[in-house]
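In: Starting from these lines, generate the structure:
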Amino acid sequence: MKTLRIFLIAILFISATAAGLITQFIIGINTTVLNSGYYITQMEKHNLYNIPQNYLFLKIKENSYEKLPEPVYNGLLEPAVRNTFSSTWIQDQTNRLVVNSLDYLTNKNETLDLKVDFKNRKQILAYELSNQLENLSQNLQVYKITAADKESFINGLITIIDLPDSVDLGEIINTTYPELKNAVDKYRVYYSYTNYLPYAVYILIFILILLITKVSSGLRLFGKSMLLAGALLILLVSGTNIWANNIFIANISKYDILFTATATNPLIVVAILKNSIIRNFNKIGVIFCGSGALLILLSYYINKIIIFRASSRYHKEI
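Out: Modelled structure (predicted):
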């Protein structure tokens, strides 16, 4: 009977350690990869909101490079575009896309809304171009424009820019990366199980440990499992850093259309997010280790109280 009890305690300890490791991963993913606030914070911290704006300038310059003289682009088009597609507007659109993406991934929304409407922006762009022309009215001859030609000139610029009325990033992703869409659909099916089941299992293991052992012994055993699970997480995260880099380098080219929008080296953006996620996981590991140590100390404190009460009761009986 004693051997069976020791065997059950060993199984529960191993199970608690494994469940603790899985629970930490889920906490880490929910606070980073699946947390819209995390992305928004990182974009603000590292000034990543300028990336879509820079990409937009790049595409407009590509479309108009051989069609517009340099003074028109630098003195007229670029400031008008910068005012139309301001950092504030891009921040609002980016935040909305991030929130909608993660709400869909975590089954909060059944439809994926990644549509960006440019109709209103085109009207604002026309207004900004008109303002820029007014500011440069004394140099209109440089652009060979008369006052009567302003409207047709502005319409011509907007035509050259070739800005669509809207862009549906969801359709682009589904068409261009069907394997990514399939992976997302499969994840959505199992999300509720992967997100909540490990917590339930972890709590069940904790209860079983307390039932099989004394309270103080159970807390000490569970605390040791937390300490071990936290240490293992830190070691695993540190050990997989190089492996993660190799995975990103090997696979990032498959999604070149998505990452081209950075208008910079996509590895820089990915490295920023990856390093931040690693730091977050390390913090979770440290907190788990600290919590485990506190449970161990608590178990010794409870054990001392039990011994003290038993001693007091014994002396009273005498």
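
In: residue contacts, the residue lying closest to Ile22 once chain neighbours are set aside?
Out: Of all residues not flanking Ile22 in the chain, Pro198 sits nearest, at 4.9 Å (Cβ to Cβ, 6 or more residues apart in numbering). C-beta: built from backbone N, CA, C; applies to glycine. By Cβ atoms under 8 Å, 6 or more residues apart in numbering, Pro198 lies in contact with 19, 22-23, 26.

In: Looking at those residues, which one is closest to Lys150?
Out: Ile26 (59.4 Å; Cβ to Cβ).

In: can you tell me how far the closest one sits from Phe13?
Out: Distance, Ile26 to Phe13, by Cβ to Cβ, to the nearest Å: 20 Å.

In: if I look at Tyr38, how far off is Ile173?
Out: Tyr38 is 21 Å from Ile173, by Cβ to Cβ.

In: Mind pulling up the pLDDT for the residue nearest to Ile22?
Out: pLDDT for Pro198: 89.

In: and what of Ser225?
Out: 96.

In: Surely it forms part of a helix?
Out: Yes. Ser225: assigned to a helix according to DSSP: H, G, I helix; E, B strand; the rest coil.

In: That one contacts Ile11, doesn't it?
Out: No. Using Cβ atoms under 8 Å, Ser225 is not in contact with Ile11, being 11.7 Å away.

In: More neighbours: which of those two?
Out: Legend: neighbour count by other Cβ atoms under 10 Å for Ser225 and Ile11, higher for Ser225 (27 against 12).

In: which one is that one nearest to, not counting chain neighbours?
Out: Nearest one to Ser225, counting by Cβ to Cβ, 6+ apart, is Ala16 at 3.8 Å.

In: Buried residues, the helix or strand harbouring the one you found. List them.
Out: For Ala16, the host element (DSSP states H and E) is helix 2-31. Within helix 2-31, the residues that count as buried by 16 or more other Cβ atoms under 10 Å are 9, 12-13, 15-29, 31.

In: Give the next helix or strand downstream of that helix.
Out: Next along from helix 2-31, by DSSP H and E: helix 36-45.

In: Quick one: list the elements packing against that next one.
Out: If you count contacts as 3 or more Cβ pairs under 8 Å, 6 or more residues apart in numbering; DSSP states H and E, helix 36-45 packs onto helix 87-105, helix 266-317.

In: let's go with 10 Å and repeat that
Out: Under the contact criterion of 3 or more Cβ pairs under 10 Å, 6 or more residues apart in numbering; DSSP states H and E, helix 36-45 touches helix 2-31, helix 87-105, helix 266-317.

In: what about whichever helix or strand comes after the second one, distance to the chain center?
Out: On the C-terminal side of helix 87-105, the nearest following helix or strand under DSSP H and E is strand 115-117. Relative to its chain's centre, strand 115-117 lies at 21 Å (Cα atoms, centre = their mean, to the nearest Å).

In: Pairing partners for strand 115-117, with directions?
Out: strand 166-168 (antiparallel) (DSSP bridges).

In: can you state the direction angle for whichever helix or strand comes after the partner strand and helix 87-105?
Out: Following strand 166-168 in sequence order, the next helix or strand is helix 169-176 (DSSP H and E). With axes from the mean of the first three to the mean of the last three Cα atoms, to 10 degrees applied, the angle from helix 169-176 to helix 87-105 works out at 60 degrees.

In: How far away from the center of its chain is helix 169-176?
Out: 20 Å.

In: residues of that helix that come out buried?
Out: Those would be 169-170, 173-174, for helix 169-176 by 16+ other Cβ under 10 Å.

In: Next, give me the two most distant ones among those residues.
Out: Longest span within these, Cβ to Cβ: Leu169 and Asn174, 9.6 Å.

In: List the residues that are in contact with both of the two.
Out: 112, 114 (Cβ atoms under 10 Å, 6 or more residues apart in numbering).

In: where does this structure dip in pLDDT?
Out: Counting by pLDDT under 70, the chain shows low-confidence ranges at 1, 48, 50-73, 135-148, 241-269, 307-318.

In: If I take the helix or strand hosting Ala200 and helix 87-105, what angle do their directions form?
Out: Using DSSP H and E, Ala200 sits in helix 178-212. Calculated by the same axes, to 10 degrees, helix 178-212 forms an angle of 60 degrees with helix 87-105.

In: Please identify the buried residues of helix 178-212?
Out: Neighbour count says helix 178-212 has 184, 198, 201-202, 205-206, 208-209 buried, by 16+ other Cβ under 10 Å.

In: from these, which single one is nearest Ala126?
Out: Closest to Ala126, out of all of these and judged by Cβ to Cβ, is Val184, at 37.8 Å.

In: Contacts only, for the closest one.
Out: Contacts of Val184 (Cβ under 10 Å, 6+ apart): 101, 104-105, 112, 173-174, 177.

In: Output those as CSV; include the columns distance to Trp89.
Out: Shown next, in CSV, are those (distance: Cβ to Cβ, whole Å):
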residue, distance to Trp89
Ser101, 19
Tyr104, 23
Leu105, 25
Leu112, 22
Ile173, 22
Asn174, 26
Tyr177, 27
